[in-house]
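Everything below, folded, please.
(chains A and B)
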Amino acid sequence: MTGVVHEEPLEKRSIISGIGQSEVGRKLNRSDIDLTVEAAIRAIEDAGLTRDDIDGLATYPGMGVGTPGFAGPTTPEVQDALRLELNWHDGGGEGPAQIRAVIAACLAVGAGLAKHVLVYRTVTESTAQGEGGRKGIGGSGGGGGGVPRFSGFLQWYLPFGAVSAANWIALVAQRRFHEFGLTREQLAQIALNARRNAGLNENAVYRDPMSLGDYLAARMISTPLCLFDCDAPSDGATAVIVSHRDYAKDARHTPIHVNAVGTGLKGRPSWDQFDDMTSMAARDAAASMWKRTELKPSDVDVAELYDGFSILTMVWLEAMGFCDRGESGPFVEGGDRIALGGSLPLNTAGGQLSGGRLHGFGLLHEAVVQLRGDGGERQVPNNPEVAAVSNGGGPIAGSMLLTARPR
Amino acid sequence: MIADGPSIRLLPRLDLDNEFFWTSGADGRLRFLRCRACESLVHPPAPRCPYCLAGYLSPEPVSGRGILESFTVNYQQWIPGSERYIVGLVSMIEQSDVRLTTNIVGADPKDVEIGMEVEVVFEHQDDVYLPLFRPVERSAK
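Have a look, this model is predicted:
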């Protein structure tokens, strides 16, 4: 079997008919289910549907995964809160990154398991953080009757103080500095672009102007990554409605067509054992996406590429084929190319770095906003028709290609 | 000031699969599983050789020498009371696709470079011997 797809990819039968976002901010002190229901009701209404039309439900990551505030409510909680009657439901943390839940919904719709799927991702990491600083994945250790021990993949990192994704990804960044001559001034463009765009997004978490000097003066987190290379824990829920394309003519707003999804993972699924540590899973997810479409990287009008850390966006720029391997530094140099008026407008709502860490779904939401032409002050000019969305970093990656009309 | 690692070592929970690795340093030697059929080193521990799928694996000492593939100086106090420390990614000299995330010790950050040769030293904590790496002295090469 080759990777060539002869039949129409199943995901092309799906559209994104509705989007909704809750209040987004730092330390909102609202519960995850509260934020989720707010986003869900907005998305259902945006799609021109009612709660009774929703027959599918999906989320990432689902039950009890990760540190406090990370997982959001489970699908049973949301089903019950909205009294949904479901033909299909799915929650899970394994798969092509956060966007896996949306991809699963597209396939469910394409397979006829559901007509309208509510997909949500909710984080309350800022409120859960309380008054303290950001924690590592293993917690801060110590305290009380002994320090816990760790099994599974964390055992290979935590003993050495590599307790945060910031450390694991800093290793990727340092390797790129070494191998490709990437500079802090180039990397800064991801953060500066995000902040510039966040200034035009009233829901963004960080909107004060940032200069290159501000960036270079920021405190280090894990070299070469500084504070502004890392997203910040936020509270917020994002919901989208994935519908069958038969609904496109009845949708309230411009239906956004799913053109292709990227789900590949060929390298070893590990932060430190992946063959090419400068690219990792983004390489495989993007490659699999381009095999499922006639569209080419040069057709993309707007890119919403995962920026939990700035360096991940650089990795995605190359993985997606917007520039050659190792060339993302020169590609973003000066920032004009990735600005709203540039040849590849990037992370147009401020990404996660300045828009808020909505963990992938915020980027998807913004891609739909742009393809609808609803970006207001931050609208990409000349009616963008094709958007690329990516989620994840390191050994975790998934992507989607969306279009404003069937392609 | 640069430390060997965080102020508190979060230690692995020993089990049937990983105990040989985390206790290997008791005699000063680093060990990985090696396949008796295809001779590949395998890490992390696996039930059978993931390269040839047919082999039988058993722990075997290696030289403890490696190449620094990347590193980062950690500043953020994820673990309170920590000084700066260096997290390194080291590939084994015997087989470059076997890598360890570790700490680089005995070196000033300004002297640490990707591509430098390093060698294992162990830090004994409770029932665990953590493999850390230090630069190989030029005269010892």
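
what about chain A, any weak spots by pLDDT?
A:1-6, A:131-146 (pLDDT under 70).

Likewise for chain B?
In chain B (pLDDT under 70), the answer is B:138-141.

which stretches of it form helices?
B:19-23 (DSSP state H).

and A:G20, how many residues sit next to it?
By other C-beta atoms under 10 Å in any protein chain shown, the residues close to A:G20 number 23. Every C-beta, even on glycine, is put in place using the N, C-alpha and C of the backbone.

no wait, A:R42
Neighbours of A:R42 using other C-beta under 10 Å come to 18.

which element is it on?
Using DSSP states H and E, A:R42 sits in helix A:32-46.

I figured A:P297 was touching A:E318, is that so?
No. Contact criterion C-beta atoms under 8 Å: A:P297 and A:E318 do not qualify, at 10.5 Å.

These two: which is more packed in?
Neighbours per residue (other C-beta under 10 Å) separate A:P297 from A:E318, with A:E318 holding more: 23 against 17.

Verify the stated contact: that one with A:S328.
Yes. The pair A:E318 / A:S328 is scored as a contact, 5.1 Å apart, by C-beta under 8 Å.

ok so, going back, show the subsequent helix or strand relative to the helix holding A:R42.
Later in the chain than helix A:32-46, the nearest helix or strand by DSSP H and E is strand A:56-59.

Which other helices and strands does that next one contact?
Applying 3 or more C-beta pairs under 8 Å, 6 or more residues apart in numbering or on different chains; DSSP states H and E, we find strand A:56-59 packed against helix A:75-82, strand A:88-91, helix A:100-110, strand A:116-124.

Of all these, which one is nearest chain B?
strand A:116-124 (19.2 Å; C-beta to the nearest C-beta).

quick one: strands adjacent to that closest one?
strand A:56-59 (parallel), strand A:235-244 (antiparallel) (DSSP bridges).

need the strands for the chain, in chain order.
You didn't say which chain, so I picked chain A. Assigned by DSSP state E, the strands in chain A fall at A:14-21, A:56-59, A:88-91, A:116-124, A:220-222, A:225-226, A:235-244, A:256-262, A:302-304, A:386-391, A:398-403.

wait, chain B
According to DSSP E, the strands that chain B contains are B:2-3, B:30-35, B:41-42, B:57-62, B:65-74, B:84-92, B:95-103, B:117-125, B:128-135.

Could you tell me which strands sit next to the second one in the sheet, and their orientation?
Okay, so that is strand B:30-35. Assessed with DSSP bridges, strand B:30-35 is paired to strand B:41-42 (antiparallel), strand B:57-62 (antiparallel).

Same question for the first one.
The partner list of strand B:2-3 in its sheet, established with DSSP bridges, is strand B:84-92 (parallel).

right, and the strands of chain B - which one's nearest A:V123?
With C-beta to C-beta as the criterion, A:V123 lies closest to strand B:65-74 of those, at 24.4 Å.

which helices and strands does the closest one pack with?
Against strand B:65-74 (3+ C-beta pairs under 8 Å, 6+ apart) you get helix A:165-180, strand A:220-222, strand B:84-92, strand B:95-103, strand B:117-125.

Reformat those into JSON lines and put mean neighbour count next to each item.
What follows is these, written out as JSON lines (neighbours: other C-beta atoms under 10 Å in any protein chain shown):
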{"stretch": "helix A:165-180", "mean neighbour count": "22"}
{"stretch": "strand A:220-222", "mean neighbour count": "23"}
{"stretch": "strand B:84-92", "mean neighbour count": "24"}
{"stretch": "strand B:95-103", "mean neighbour count": "21"}
{"stretch": "strand B:117-125", "mean neighbour count": "18"}
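
who wins for proximity to A:D231 among those?
Across the helices and strands packed on strand B:65-74, closest to A:D231 is helix A:165-180 (C-beta to C-beta), at 10.0 Å.

tilt between that closest one and strand B:84-92?
60 degrees (axes from the mean of the first three to the mean of the last three C-alpha atoms, to 10 degrees).

any idea how far helix A:165-180 is from the chain center?
20 Å (C-alpha atoms, centre = their mean, to the nearest Å).

Was I right to think A:V117 contacts A:D53?
No. Using C-beta under 8 Å, A:V117 makes no contact with A:D53, being 10.7 Å away.

Looking at these two, which one has more neighbours?
A:V117 (30 against 17).

What is the neighbour count of the closest residue to the more buried one other than its chain neighbours?
Closest residue to A:V117 apart from its sequence neighbours, by C-beta to C-beta, 6 or more residues apart in numbering or on different chains: A:G56 at 3.2 Å. Applying other C-beta under 10 Å, we find 24 other residues in the vicinity of A:G56.

for the one 3 residues further on, same thing?
One way to gauge burial is a neighbour count; for A:T59, by other C-beta under 10 Å, it gives 33.

In contact with it, which residues are there?
A:G72, A:P73, A:T74, A:T75, A:V78, A:D90, A:G91, A:A101, A:V119, A:Y120, A:R121, A:T122 (C-beta atoms under 8 Å, 6 or more residues apart in numbering or on different chains).

same thing but at 6 Å, please
Listed by C-beta atoms under 6 Å, 6 or more residues apart in numbering or on different chains, the contact set of A:T59 reads A:T75, A:G91, A:A101, A:Y120.

quick one: which of those has the most company?
Neighbour max across the contacts of A:T59 (other C-beta under 10 Å) = A:A101, 31 neighbours.

Need the residue in chain B that's farthest from the chain's center.
Going by C-alpha atoms, centre = their mean, the residue of chain B most distant from its centre is B:A54, 26.6 Å out.

For A:R121, give its distance to A:R100.
Distance, A:R121 to A:R100, using C-beta to C-beta, to the nearest Å: 10 Å.

these two touch, right, B:M116 and B:L68?
Yes. Judged on C-beta atoms under 6 Å, B:M116 makes contact with B:L68 at a distance of 5.0 Å.
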